[in-house]
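S.K.: how does the following fold in three dimensions:
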Amino acid sequence: MLTSSHGRSDRGTVRSHNEDAFLDDPTNRLWAVADGMGGHAAGDVASKAVVRHLTAVVRPPLTADYLDRIDDALAAANAELLDYARAHQLQLVGSTAAVLVDAGHYMLCGWAGDSRVYQHAGGGLRMLTVDHNQAREMRAAGTFTDTQIESSPQSAALVRAVGAEKELIVEWTLADVAPHDLFLLCSDGVTKEMTDAEIAGALAQPGPVEDIAATLVQTCLERGARDNITVVVVRIDG
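M.R.: Reported below is the predicted structural model:
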């Protein structure tokens, strides 16, 4: 399956440095976004560790073996960040991870945290990931109203991330693909500034993936970009 892809990142207008990182590797048909956990020390160390371990993965012939190696790479990043936190006497050094793998006639999507992967197909937008945060846990409990969840100051707190626990559990799903489908991997700096409908509109615009990525980042910057902004846009060309 032929693809075109482009990644773009910006520290935004508020943060002093960029704690996001991304991987755009069309040769190995692997893409990723990592967001160092805001408010914690060494977030940039964490996101870069995730991308570094994924970059080192060599793709074998079988997709199942490739997924095993990706899981192993994320587990190695998790162990490294736990060790880093202990060595520097820090409570937590963590990062989200959102991964997209081209498996031929479908895409595999893995994630931990709240960095998202969207699919734009047939004119519609579908979010492939589900945020690993307190809001999800509160909804699963079934004892909170939407108003209570939205008003809770803890609703956005992550319950899963690379570097957060001794054992990392990566959630996986798959998506069928067709020519002209687009996928967007992004940090929450994008979704803080743009609605899903606006993201769908940006992905629907004609032109190369570089222009789509630029539009997404520029829109966030024009709206204040309260957080770091990172996008990777992948198009199925045939």
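S.K.: CA atoms for contacts and neighbours, from now on please.
M.R.: Will do.
S.K.: contacting residues for residue 186?
M.R.: 33, 115-117, 229-232 (Cα atoms under 8 Å, 6 or more residues apart in numbering).
S.K.: by neighbours, which of these wins?
M.R.: Counting neighbours by other Cα atoms under 10 Å, residue 33 leads the contacts of residue 186 with 32 neighbours.
S.K.: looking at the chain, which helix is longest?
M.R.: Under DSSP state H, the helix in the chain containing the largest number of residues is helix 63-87.
S.K.: all strands of the chain, in order?
M.R.: 3-10, 20-25, 30-35, 97-102, 106-112, 116-121, 124-127, 171-176, 182-186, 229-236 (DSSP state E).
S.K.: may I ask which helix or strand of the chain has the lowest mean pLDDT?
M.R.: The element with the least model confidence among the helices and strands of the chain, by mean pLDDT, DSSP states H and E, is helix 146-151, at a mean of 48.
S.K.: how far out from the middle of the chain is stretch 52-61?
M.R.: Offset of stretch 52-61 from its chain centre (Cα atoms, centre = their mean, to the nearest Å): 17 Å.
S.K.: just the residues contacting it, thanks.
M.R.: Residues beyond stretch 52-61 that count as contacts (Cα under 8 Å, 6+ apart) turn out to be 23, 28, 66, 69-70, 73-74, 76-77.
S.K.: how near is residue 58 to residue 214?
M.R.: Computed with Cα to Cα, to the nearest Å, the distance linking residue 58 and residue 214 is 30 Å.
S.K.: now swap in residue 228 and tell me
M.R.: Distance, residue 228 to residue 214, by Cα to Cα: 14 Å.
S.K.: again with residue 186
M.R.: Taken as Cα to Cα, the spacing of residue 186 relative to residue 214 amounts to 13 Å.
S.K.: who's residue 31 bridged to?
M.R.: Bridge pairing for residue 31 (DSSP bridges) gives the partners residue 24, residue 100.
S.K.: residues in contact with residue 110?
M.R.: When contacts are counted by Cα under 8 Å, 6+ apart, residue 110 touches 97-100, 129, 170-173.
S.K.: pLDDT wise, what is it at?
M.R.: The predicted local distance difference test score for residue 110 is 98.
S.K.: what is the neighbour count of residue 87?
M.R.: 9.
S.K.: pLDDT weak spots in the protein?
M.R.: Residues of the chain meeting the criterion pLDDT under 70: 38-41, 134-157.
S.K.: hmm, 90 instead?
M.R.: 1-2, 15-17, 37-42, 91, 105, 122-123, 132-159, 238 (pLDDT under 90).
S.K.: just to revisit the earlier point, any idea of the angle the longest helix of the chain forms with strand 30-35?
M.R.: Here helix 63-87 points in a direction 20 degrees away from that of strand 30-35 (axes from the mean of the first three to the mean of the last three Cα atoms, to 10 degrees).
S.K.: residue 11 is in contact with residue 227, correct?
M.R.: Yes: assessed by Cα atoms under 8 Å, residue 227 is found in contact with residue 11 at 7.0 Å.
S.K.: who has more neighbours, those two?
M.R.: More neighbours surround residue 227 than the other of residue 227 and residue 11, with 26 against 19 (other Cα under 10 Å).
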